[in-house]
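Asker: Please find the sequence and the predicted model below.
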Amino acid sequence: MAHALSMFKDGTRASPVMQAVAHNLSDSDIHDLAQYFATQKPPLAHAAEPPQAAQVEAGRQLAQMGSGTGLAACFSCHAAGGTGNGARFPSIAGQPASFTVARLHEFQARAKSGAVKPGSMTAVAAQLTDTQIEAAAAYLSTLPR
């Protein structure tokens, strides 16, 4: 969260709402907010309809092993179970599927607008199909936070 807020503050991550929020935050405020939210354990969000088993399985494959086309596994950066691995690789487990889909589409849009740093989430998302995005989001939404 601290990394994301810092990016919103300096304008390297676009969101009119979040940039307005982060604009006046001090480094200390950002640190305190990140610490506070890191201690929260919200309940798992449930979709109106549970994801289909085949879609969840396809997402599990992507998250754990990646794809044969050179697409890295989600867990290779975001740790086993998607629990997170430091500030640059936050927890992705238990997020509502709609949030994950929207976030991955944001990364794809960023990839279309400029140079993409190899190995970045923007580069990874640029390789994903809509079917892969939906599958990964479905699987990740079933994991405990």
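Answerer: Received it, and whenever you're ready, just let me know what you need. The model shown is predicted, which means the values in this text are computed figures rather than measured ones.
Asker: Could you report the neighbour count for Val124?
Answerer: By the measure other C-beta atoms under 10 Å, the count of residues near Val124 is 22. For glycine as for every other residue, the C-beta is placed from the backbone atoms N, C-alpha and C.
Asker: what's the answer for Leu33, then?
Answerer: Close neighbours of Leu33, defined as other C-beta under 10 Å, add up to 16.
Asker: again, but for Ala135
Answerer: Using other C-beta under 10 Å, Ala135 has 25 other residues around it.
Asker: and it, how far is that from Ser67?
Answerer: Per C-beta to C-beta, to the nearest Å, Ala135 is found 11 Å from Ser67.
Asker: got it, and Ala34?
Answerer: Per C-beta to C-beta, Ala34 is found 32 Å from Ser67.
Asker: Not counting stretch 81-93 itself, show me its contacts.
Answerer: If you take C-beta atoms under 8 Å, 6 or more residues apart in numbering as the criterion, stretch 81-93 is touched by 1-4, 63, 74-75, 77-79, 100, 140, 143-145.
Asker: now that stretch: mean pLDDT?
Answerer: Stretch 81-93 shows a mean pLDDT of 88.
Asker: Using PDB, list the CA coordinates for it.
Answerer: Output of stretch 81-93 as PDB, limited to C-alpha atoms (Å, rounded to 0.1, in the frame of the first residue of the first chain):
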ATOM      1  CA  GLY A  81      -0.900 -18.700  -1.900                       C
ATOM      2  CA  GLY A  82      -0.700 -15.100  -3.200                       C
ATOM      3  CA  THR A  83       0.000 -13.900   0.300                       C
ATOM      4  CA  GLY A  84       2.400 -11.200  -0.800                       C
ATOM      5  CA  ASN A  85       6.200 -10.700  -0.900                       C
ATOM      6  CA  GLY A  86       7.100  -7.200   0.300                       C
ATOM      7  CA  ALA A  87       6.000  -3.800  -0.800                       C
ATOM      8  CA  ARG A  88       6.400  -4.400  -4.600                       C
ATOM      9  CA  PHE A  89       4.500  -7.700  -4.600                       C
ATOM     10  CA  PRO A  90       1.400  -7.200  -2.400                       C
ATOM     11  CA  SER A  91      -1.000  -9.900  -1.400                       C
ATOM     12  CA  ILE A  92      -3.400 -10.900  -4.200                       C
ATOM     13  CA  ALA A  93      -5.300 -13.600  -2.300                       C
END
